[in-house]
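Asks: I'll drop the sequence and a predicted model, then ask my questions.
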Amino acid sequence: NAGVMQNPRHLVRRRGQEARLRCSPMKGHSHVYWYRQLPEEGLKFMVYLQKENIIDESGMPKERFSAEFPKEGPSILRIQQVVRGDSAAYFCASSPPWRELNTEAFFGQGTRLTVV
Amino acid sequence: AQKVTQAQTEISVVEKEDVTLDCVYETRDTTYYLFWYKQPPSGELVFLIRRNSFDEQNEISGRYSWNFQKSTSSFNFTITASQVVDSAVYFCALSELIAGNMLTFGGGTRLMVKP
């Protein structure tokens, strides 16, 4: 049973380009969470999605950031017109629906985004 | 609003010493979960424990133990007889029961275990 898969592991973008980060949840998991870890800081919650739905996006920056989790395929975190301050590690976690199976989320290995 | 504070940003010990990592939290909810994660130098997040607010029993797992004290809003983590492989950043986190796995993380404590 493969774990949460994130790709790419490392991503370098020039200022102004777009970054697309992918997250494939564990088999059977329909809920995905994205977190951002700035250098030397803790993780900050960004967005919580289930298939085709955004449940909570209270941690998402208002501009340039978007997330989706389509019916088929991975969840995508998209950052448009990246700036140096977007350089961070982005972690994805997945879980079954909370009320159906009360379990912790499993984290992927993260994508390290560097904006040059 | 929830908040998790890990006052110790960095701790350095010599192998075989015991070490305690502190975690203090704030929440208005009566029902919540507390977590500890380990982030080794390779960067991934390793789940260590989840505790719900109804269960104040301390837990021991090998060299690891956790002390949950609701009265002081603390969930401290002790490593007994530390080893070099314990060197990592350790994060404490909190979630409301209804929020499931939307976690509020502390800033982390970097533990360095020297041989």
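Replies: Everything's here; your move. Residues are numbered from 1 along each chain as shown, chains lettered A, B, ... in the order given.

Asks: who are the neighbours in contact with B:Ser82?
Replies: B:13, B:15-19, B:63, B:111, B:113 (C-beta atoms under 8 Å, 6 or more residues apart in numbering or on different chains). Placement of C-beta: from N, CA and C, glycine included.

Asks: To clarify, my last question referred to B:Phe91.
Replies: B:Phe91 neighbours (C-beta under 8 Å, 6+ apart): A:42-43, B:6, B:36-39, B:45, B:105-106, B:108.

Asks: Next: B:Ser61.
Replies: Contacts of B:Ser61 by C-beta under 8 Å, 6+ apart are B:Ile49.

Asks: Can you name the residues bridging to it?
Replies: B:Tyr64 (DSSP bridges).

Asks: closest to A:Asn7 among the contacts of B:Ser82?
Replies: The closest of the contacts of B:Ser82 to A:Asn7 turns out to be B:Leu111 (C-beta to C-beta; 29.6 Å).

Asks: How about the closest one, nearest residue that isn't a chain neighbour?
Replies: Excluding the flanking residues, the one nearest B:Leu111 by C-beta to C-beta, 6 or more residues apart in numbering or on different chains is B:Ile11, at 5.2 Å.

Asks: hang on, the one you found in a helix?
Replies: No. Assessed by DSSP: H, G, I helix; E, B strand; the rest coil, B:Ile11 does not belong to a helix; its assignment is strand.

Asks: Return the backbone torsion pair for A:Gly85.
Replies: A:Gly85 adopts backbone torsions of phi -70, psi -10, taken as degrees, to the nearest 10.

Asks: so what's the residue nearest the centre of chain A up against?
Replies: Per C-alpha atoms, centre = their mean, the C-alpha nearest to the average position across chain A is that of A:Trp34, at 3.5 Å. A:Trp34 is in contact with A:23, A:45-47, A:49, A:67, A:75, A:77, A:90-92, counting by C-beta under 8 Å, 6+ apart.
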